[in-house]
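Visitor: What follows is a predicted protein model with its sequence.
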Amino acid sequence: MTSTRIQRQQEILAAAQAVFAEQGFHGATMDDIAARAGLAKGTLYLYFASKRELFLSVLKHRFEEMRRTLREVIAADDDFPGQVEAVIKAHRDFCRDKKEFFQILEEFKGDLGAGVRKSREDILALLVELIDRGVESGQIRPIDRRQGALALLGMLDSVALDWLLRGDGGSPNVDGLAELYCWGVIGREGVSQR
């Protein structure tokens, strides 16, 4: 793919994300997206065969961007609590910078295409790796890796949704969230070790 074509595709994805966030999937039209991108509607169809394909491409692209971001912050630290805090901060910043992505994701969560589901699984696999390293280094107790990763991802998603619904521009307490999560996986006196 030429650099011009890649750039055009990125412009279409950005325009589509904005239109989907404003109007929802069902309210948005290819005409609206073309107008936002400054293109003829026919040009969109050279890149994406349908509105659904374009929508799923927006989601997949953002999930891949999030995975790259999380991989970078996890690799930057060997201290498990520090890594968890970095993941929460990166997710918070991603939510703030890509608010439209989370708005459209909430609308379409139950009907994600295979490529988008795979992108989300890739993020989950990255968090499973984080749990593995924490267990292997002895920084956290042995836990079910996938459940631990799902708990972290679920917490991130829930906080992002709350932030979107409140719309007050506040940020989650990163230190508090990291402490809450780490308290569960590191284990403390009185915590059931079943």
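Guide: Cool, the structure landed. Numbers count the residues shown, from 1 in each chain.
Visitor: For stretch 132-140, list every residue counted as buried.
Guide: Within stretch 132-140, the residues that qualify as buried by neighbour count (16 or more other CB atoms under 10 Å) are Gly134, Val135, Gln139, Ile140. Placement of C-beta: from N, CA and C, glycine included.
Visitor: Would you quantify the distance from His91 to Ala40?
Guide: Using CB to CB, to the nearest Å, one gets 37 Å for the distance from His91 to Ala40.
Visitor: To clarify, my last question referred to Arg62.
Guide: Taking CB to CB as the criterion, Arg62 is separated from Ala40 by 25 Å.
Visitor: More neighbours: those two, which one.
Guide: Set side by side, Arg62 and Ala40 give different neighbour counts by other CB atoms under 10 Å, the larger being at Arg62 (21 against 12).
Visitor: Need the pLDDT of that one.
Guide: In the predicted model, Arg62 carries a pLDDT score of 88.
Visitor: didn't it look like it was pressed against Lys99?
Guide: No. The pair formed by Arg62 and Lys99 falls short of the contact definition of CB atoms under 8 Å, at 11.2 Å.
Visitor: list the helices and strands the helix or strand bottoming out on mean pLDDT in the chain packs on?
Guide: Ranked by mean pLDDT, DSSP states H and E, the helix or strand of the chain with the weakest confidence is helix 99-108, at a mean of 74. Using 3 or more CB pairs under 8 Å, 6 or more residues apart in numbering; DSSP states H and E, the elements in contact with helix 99-108 are helix 3-27, helix 51-75, helix 145-166.
Visitor: how about the last one: buried residues?
Guide: Burial within helix 145-166, assessed by neighbour count using 16+ other CB under 10 Å, is assigned to Arg145, Gly148, Ala149, Ala151, Leu152, Leu153, Met155, Leu156, Asp157, Val159, Ala160, Trp163.
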